[in-house]
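Asks: Generate a structure from the sequence data that follows.
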Amino acid sequence: MGGHATRMTTPLVLLRHAHVFNPDDVGYCDVLCAGGKVAAIASKLELPPDHWPCEVVNLDGARVIPGLVDAHVHLCGGGGEAGAHTRVPRVEVPHLTLAGVTTAVGLLGTDGSTRTVAESLACARAIEHAGLTTFCYTGSYELPLQTLTGSVRGDLVHNDRLVAVGELALSDHRSSQPTYDELLRVASDCHVCGMMTGKAGLLHLHMGDGPRGLALVRRALHETELPVRTFHPTHVNRNRALWAETKQVHAERGLYADVTAFEADEDSLDAADAIADWLDSGLDPARLTASSDGGGCLPVFDGDGVLIRMDVGRSMGLSDALVKLLGQGRPLGAVLPMFTRNPARLFRFRGKGELVPGADADLVVLDDAGRARDVLARGKWMVRQGQAIVSGPFDR
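Replies: Predicted coordinates for the structure are as follows:
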């Protein structure tokens, strides 16, 4: 699956002397982008003919990585748990690009009443019009699922931009308290629709702080024929008990899991520490992804479910996590897949998450600290020298 927008032909861009991570470290190369795609990568590329317009950028050895794939963004805003005045505004284009995100998947959370799948799709299309690539989930926290066509199968089969179901909430006081059979019915629809369409067939699960944790998922993996990749729990680093359980289910069953790039408290792990612990525990590095919860409300409730305070998720949290991992001495090639190749492969986003010939020309030039200095999305510059140069018509 690639982008959807029809765009004018992009001039050639030739990046000289880039330290390329595809996301593996492939050394110093030239990278030629043409028509929104990566046309060639080699140690030394010749200039195109003089009559071909080509921008040549000498990177002097700067690191170049694939654009980040953020598979959990509330593009139309999240929140609303303390009233309409606490609804988070929609995500703006620089919110994504300044973090190095070039592909985003939009979703609904707690509020499937005043926000809809149709609104999420509209926000995704608006952001893609600016140059990024966007997809969406159908559904929200609740059951019965909020859909566009009236059914999961209708949404996933008939709408190319709707790629999975999410974020259905488990083990959370805000969930619809789904039963085991209800969970299986949704998961089976996801799996079969993935087979019918070539989509991922994923059920993206919001995991709360409840003591049941992954109990329903564990039971499903033990009792049914559904493949393990059907279930994609997120926020699994929100408390240490859930994190330990996630690692155990992965070790036993090969579970895929998603860590969220939020600010940790005393009982949680931030995304960087969770990724480091996963690698140090010898778990499969290809089965861990990282997302931001960008635009989502990050609430704190008391024992009666009353909102005490709230923050808002930022896609920049992914950049923060990458910088922290590099600061810990982790090799870039070892940690970068969680932000790029792993989510792209899990969601079957062809041409995304890798910097190889034929892929979409989504790439990020890192500064010395590991933050996005320049961002190219499908061959179009979005960020130059740390400044967003493309925004939506109403972005501030």
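
Asks: Give the helix, strand or coil label for Asp155.
Replies: Under DSSP: H, G, I helix; E, B strand; the rest coil, Asp155 falls in the helix class.

Asks: from memory it sits against Thr149, does it?
Replies: Yes: when contacts are counted by C-beta atoms under 8 Å, Asp155 is listed as touching Thr149 (5.3 Å). Using the backbone N, CA and C atoms, a C-beta is placed for each residue, glycine as well.

Asks: of these two, who's got more company?
Replies: Neighbours were counted for Asp155 and for Thr149 using other C-beta atoms under 10 Å; Asp155 has more, 26 against 15.

Asks: what sits against the closest residue in space to Thr86 that isn't next to it in sequence?
Replies: Of all residues not flanking Thr86 in the chain, Gly79 sits nearest, at 5.1 Å (C-beta to C-beta, 6 or more residues apart in numbering). By C-beta atoms under 8 Å, 6 or more residues apart in numbering, the contact set of Gly79 is Thr86, Arg87, Val88, Gly109, Thr110, Asp111, Gly296, Cys297, Pro299, Met310, Val312.

Asks: Go again with 7 Å.
Replies: Contact analysis of Gly79 by C-beta atoms under 7 Å, 6 or more residues apart in numbering lists Thr86, Arg87, Val88, Cys297, Met310.

Asks: hmm, which two among the residues you listed are most spread apart?
Replies: Arg87 and Met310 (11.1 Å; C-beta to C-beta).

Asks: helix, strand or coil for Val365?
Replies: Assignment for Val365 (three-state DSSP): strand.

Asks: now swap in Asp258 and tell me
Replies: Applying three-state DSSP: Asp258 is strand.

Asks: neighbours of the closest residue to it other than its chain neighbours, just the number please.
Replies: Distances taken as C-beta to C-beta, 6+ apart put Thr234 closest to Asp258, at 3.9 Å, once the chain neighbours are dropped. Residue neighbour count, defined by other C-beta under 10 Å, stands at 23 for Thr234.

Asks: just the one 4 residues further on next, same as before
Replies: By other C-beta under 10 Å, the residues close to Arg238 number 23.

Asks: Next: Gly333.
Replies: Neighbourhood size, Gly333 [other C-beta under 10 Å]: 14.

Asks: residues contacting Leu96?
Replies: Taking C-beta under 7 Å, 6+ apart as the definition, contacts of Leu96 comprise Asp70, Ala104, Leu132, Ser315.

Asks: Figure out the helix or strand that it lives in.
Replies: Leu96 belongs to helix 93-97 when assigned by DSSP states H and E.

Asks: immediately after that helix, which helix or strand?
Replies: Helix 93-97 is succeeded, C-terminally, by strand 101-106 (DSSP H and E).

Asks: Tell me how far that following strand lies from the chain's centre.
Replies: Offset of strand 101-106 from its chain centre (C-alpha atoms, centre = their mean, to the nearest Å): 6 Å.

Asks: Quick check: pLDDT value at Asp368.
Replies: Asp368 carries a pLDDT value of 96.

Asks: and what of the one 10 residues further on?
Replies: Among the per-residue scores, Arg378 shows a pLDDT of 96.
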